[in-house]
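Asks: Model the following, please.
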Amino acid sequence: MAADTGRTADRGRTADTGRATDPRGLVMLAFDGPTVPDELRARLAEAPAAGVTLFRHGNVRDPGQVRALTDELQAAAARPGAAVASFSPLLVAADQEGGQLVALGDETTQFAGAMALGAAGDRDLAERVGRATGLELRAMGVTVNYAPVCDLATNPGNPGLGIRSFGDDPVAAGALAGAYVRGLRSAGVAATVKHFPGKGEMGLDTHHALGAVASSRERFQDVELAPFRATLADGADLVMTGHFATPGLTGDASLPATLSRAVLTDLLRGELGFGGLVISDALDMGALAQDERQIVDVIAAVRAGVDLLLTTQDVVARHRIEAALVHAAARGVLEPDALGRSAARLDALRRWLAGFDQPDLDVVACAEHRALARALAERSIALIRDDAGLIPLRAAGAAERRIAVFQPRPRDVTPADTTSTQGPGLAAALRAHLPHVDEFVTNRPSDAEIAALRERAAGYDLLVVGTDSAPFDPEGAALARALVAIGVPTVTVALRTPWDLPEYAAAATHVCSFGVLPPTLEALAAALVGRIPFRGRLPVAGPGA
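Replies: As a prediction, the model looks like this:
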């Protein structure tokens, strides 16, 4: 395994900036399909590329297929006669955050996400999870993880964040994110901290529209930037920009941070001293122009200080972006020295990545990693209150009680979400401990459906009512309120974000699980019946008050 060279100092070198640099070499490509399509092969033979991003729904079937795909990609980039043979190896990236965003599928170890780590509050655990995640990525040929998220969970109304955040405390979140970075890097995987300079205060999802973080410069320095400083100190390799305005830093409420030189060059490189690669968030997001005006945004991003451009599977858009880059470079709109510095940073990262061996594929979901996933889940489940004294559920007479479990069908709250790939597993998890458990799976129930479910629930001895991001699911919140009001002993469970309880404040016994992956639901059931203690804490303020 390589020594930890090629970090900030190496990646800031500019000695090689005199060479001609094809700006297409700074593009992260993407495509649809489990194998390399002919169009992408032709593209890799024609010009350099920084790498490829893999997406779950477009590219992933199972770990063996992913490893074969990444081998195929590297061979396509370096095949004899290709113009880009010297540019290999490609970076291969994915969003393997854990929790609500698992880009590489269900056959990888199902680690609960950042907020579960925040609930556990253990830096050593975060580093171990980061390393295990990195080993699995590297075994599949993935060398860049678009993680960890450094945005702070300070606004419950932020639909694009949720449990992707470690919590709302800048120091605690920074310590956990930094530990996760160390873990990834120890396995030879580059860590990407996002979304700079911090979008926790956003009130909308930048996948759909441009919004602004209204924080002052002083607030950014004291709060939003703190986790980024910590992760840069721990060796983060890439920083992903955010497509949101930061008028407190730029004076412009309509300029995304991705396009701002004040944010990316003056602040990130100048004040924070970052020497690694700056990568844009995905260029297909609604916060940026998605027609011919996208050309201007892409050129503005590179001039602002972006090194790598993250494209998605839209081939027409990618052709437009690459043609604009080539034309801008030919017209002198893109500075050759700046392009050379970006290329030098990319080469330095590739050299560092090349110093690590590829683990065997059997490390993916190995027994050690599955045990670690269970440990994280068991450390994170939080009991917020039990005023009704219902916990543990295995009290006297529990074997005879009829229990109704209500759970919304798992759904994606944001495009950066794979929750919908999971089945509704809460009732099944409880049946491993209790004999008489019936399941009711809901999907945005109507008023009539809520009335019918309320009537059926009245015939049970105990209700377990799960909710999923209730502030963004008014029908689910209405059902929870109706069930709590019946008077049957009820345990409510926030299955994702911890801000559900105010939506049904009358609930007397309330638990947070921070996700619905199988290890999490198994730990939740074990805690509810008293097999394990509740050890998690709320990593955000407010919802348990």
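
Asks: Could you check how far residue 199 is from residue 132?
Replies: 27 Å (Cβ to Cβ, to the nearest Å). In this view, the C-beta of every residue, glycine as well, is placed from N, C-alpha and C.

Asks: Residue 248 against residue 212, yeah?
Replies: No - distance between residue 248 and residue 212: 9.1 Å, which falls outside the contact criterion (Cβ atoms under 8 Å).

Asks: ok, back up a step: name the residue in residue 199 and residue 132 with the higher neighbour count.
Replies: A direct count of neighbours by other Cβ atoms under 10 Å for residue 199 and residue 132 places residue 199 higher, at 29 against 26.

Asks: Buried residues in stretch 258-278, which are they?
Replies: 258-260, 262-269, 272, 274-278 (16 or more other Cβ atoms under 10 Å).

Asks: Return the alpha-carbon coordinates of it using PDB.
Replies: Coordinates of each C-alpha in stretch 258-278 appear next as PDB, following Å, rounded to 0.1, in the frame of the first residue of the first chain:
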ATOM      1  CA  THR A 258     -20.200  26.600  -8.600                       C
ATOM      2  CA  LEU A 259     -19.800  29.700 -10.800                       C
ATOM      3  CA  SER A 260     -18.200  32.100  -8.300                       C
ATOM      4  CA  ARG A 261     -14.500  32.900  -8.300                       C
ATOM      5  CA  ALA A 262     -15.000  34.500  -4.900                       C
ATOM      6  CA  VAL A 263     -16.100  31.200  -3.400                       C
ATOM      7  CA  LEU A 264     -13.900  28.700  -5.300                       C
ATOM      8  CA  THR A 265     -10.600  30.600  -5.900                       C
ATOM      9  CA  ASP A 266     -10.500  33.400  -3.200                       C
ATOM     10  CA  LEU A 267     -12.200  31.400  -0.400                       C
ATOM     11  CA  LEU A 268     -11.500  27.700  -1.000                       C
ATOM     12  CA  ARG A 269      -8.000  28.000  -2.600                       C
ATOM     13  CA  GLY A 270      -6.900  31.300  -1.000                       C
ATOM     14  CA  GLU A 271      -8.300  31.400   2.500                       C
ATOM     15  CA  LEU A 272      -8.600  27.600   3.100                       C
ATOM     16  CA  GLY A 273      -5.500  26.700   1.200                       C
ATOM     17  CA  PHE A 274      -7.000  23.700  -0.700                       C
ATOM     18  CA  GLY A 275      -4.700  22.300  -3.300                       C
ATOM     19  CA  GLY A 276      -6.700  19.300  -4.500                       C
ATOM     20  CA  LEU A 277      -9.400  19.000  -7.100                       C
ATOM     21  CA  VAL A 278     -12.600  21.000  -7.300                       C
END
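
Asks: Okay, and residue 28 sits in which element?
Replies: Here residue 28 sits within strand 27-29, counting by DSSP states H and E.

Asks: downstream neighbour of that strand in the secondary structure list?
Replies: With elements assigned by DSSP H and E, the helix or strand that comes after strand 27-29 is helix 38-46.

Asks: For residue 78, grab the count of nearby residues.
Replies: The number of residues packed near residue 78 is 16, by other Cβ under 10 Å.

Asks: any idea how far residue 71 is from it?
Replies: Distance of residue 78 to residue 71, computed by Cβ to Cβ: 11 Å.

Asks: returning to that earlier point: out of the buried residues of stretch 258-278, which are inside strands?
Replies: Secondary-structure check on the buried residues of stretch 258-278 using DSSP state E: residues within strands are 277, 278.

Asks: Helix or strand: which one has residue 479?
Replies: Assigned by DSSP H and E, residue 479 belongs to helix 474-484.

Asks: Could you point out the helix or strand that follows the helix or strand where residue 438 lies?
Replies: Following DSSP H and E, the helix or strand that holds residue 438 is strand 437-442. The C-terminal neighbour of strand 437-442 among helices and strands, as given by DSSP H and E, is helix 447-457.

Asks: what's the burial count for residue 326?
Replies: Residue 326: 15 surrounding residues under other Cβ under 10 Å.

Asks: before we move on, back to that, quick one: distance of the strand holding residue 28 to the chain centre.
Replies: Its chain's C-alpha centre lies 19 Å from the corresponding centre of strand 27-29 when counted by Cα atoms, centre = their mean, to the nearest Å.

Asks: Each with direction, which strands does that strand pair with?
Replies: Neighbouring strands of strand 27-29 in its sheet, by DSSP bridges, are strand 51-53 (parallel), strand 309-310 (parallel).

Asks: Rounded mean pLDDT for the shortest one, please.
Replies: Mean pLDDT, strand 309-310: 97.

Asks: Can we start the residue count at 369 from this point?
Replies: In the new count, where the first residue is 369, that last one comes out as strand 677-678.

Asks: So, low pLDDT: which residues of the stretch 569-718 of the chain?
Replies: Along the stretch 569-718 of the chain, the model assigns pLDDT under 70 to no residue.

Asks: mind listing the helices for it?
Replies: For the stretch 569-718 of the chain, the helices defined by DSSP state H, counting those that start in this stretch cover 585-587, 594-601, 615-618, 629, 662-672, 683-698, 704-721.

Asks: Can you give me the buried ones in the strand holding residue 806?
Replies: Here strand 805-810 shows 805, 807, 808, 810 as buried, counting by 16+ other Cβ under 10 Å.

Asks: now the residues you listed as a markdown table including distance to residue 699 and pLDDT?
Replies: As requested, those are arranged in a markdown table below (distance: Cβ to Cβ, whole Å; pLDDT from 0 to 100):
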| residue | distance to residue 699 | pLDDT |
| --- | --- | --- |
| 805 | 68 | 96 |
| 807 | 63 | 97 |
| 808 | 63 | 98 |
| 810 | 57 | 96 |
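
Asks: Nearest to residue 680 among those?
Replies: Of all the buried residues of strand 805-810, the one with the least separation from residue 680 (Cβ to Cβ) is residue 810, at 32.3 Å.

Asks: backbone phi and psi for the residue lying closest to the closest one once chain neighbours are set aside, please?
Replies: The spatial neighbour of residue 810 that comes closest, neighbours along the chain excluded (Cβ to Cβ, 6 or more residues apart in numbering), is residue 776 at 5.2 Å. Here the main-chain torsion angles of residue 776 (degrees, to the nearest 10) amount to phi -70, psi 150.

Asks: Spit out the contact partners of residue 776.
Replies: Shown here is residue 776, whose contacts under the criterion Cβ atoms under 8 Å, 6 or more residues apart in numbering are 792, 809, 810, 811, 812, 834, 835, 836, 841, 844, 863.

Asks: and if we set it to 10 Å?
Replies: Taking Cβ atoms under 10 Å, 6 or more residues apart in numbering, we find residue 776 in contact with 792, 809-813, 833-838, 841, 843-844, 847-848, 863-864, 884.

Asks: Pretty sure residue 474 sits against residue 733.
Replies: Yes - A contact is recorded between residue 474 and residue 733 when judged using Cβ atoms under 10 Å, the distance being 9.2 Å.

Asks: Filter the contacts of residue 776 down to the buried ones, ChimeraX style.
Replies: Selecting in ChimeraX just the buried members of these, where the criterion is 16+ other Cβ under 10 Å, is done with this command:
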select :792,810,813,833,834,835,836,837,838,841,843,844,847,848,863,864,884
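
Asks: other SSEs contacting the helix holding residue 847?
Replies: strand 771-776, strand 805-810, helix 815-825, strand 830-835, strand 858-862 (3 or more Cβ pairs under 10 Å, 6 or more residues apart in numbering; DSSP states H and E).

Asks: Need those in CSV (columns: distance to residue 549).
Replies: Shown next, in CSV, are these (distance: least, Cβ to Cβ, whole Å):
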stretch, distance to residue 549
strand 771-776, 34
strand 805-810, 38
helix 815-825, 45
strand 830-835, 32
strand 858-862, 28
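
Asks: looking at these, which is closest to residue 548?
Replies: Comparing the helices and strands packed on helix 842-852 against residue 548 with Cβ to Cβ, the closest turns out to be strand 858-862 (23.3 Å).

Asks: Parallel or antiparallel, which strands does that closest one pair with?
Replies: Neighbouring strands of strand 858-862 in its sheet, by DSSP bridges, are strand 830-835 (parallel), strand 877-880 (parallel).

Asks: what's the angle from that strand to helix 815-825?
Replies: Using axes from the mean of the first three to the mean of the last three Cα atoms, to 10 degrees, the direction of strand 858-862 lies 130 degrees away from that of helix 815-825.
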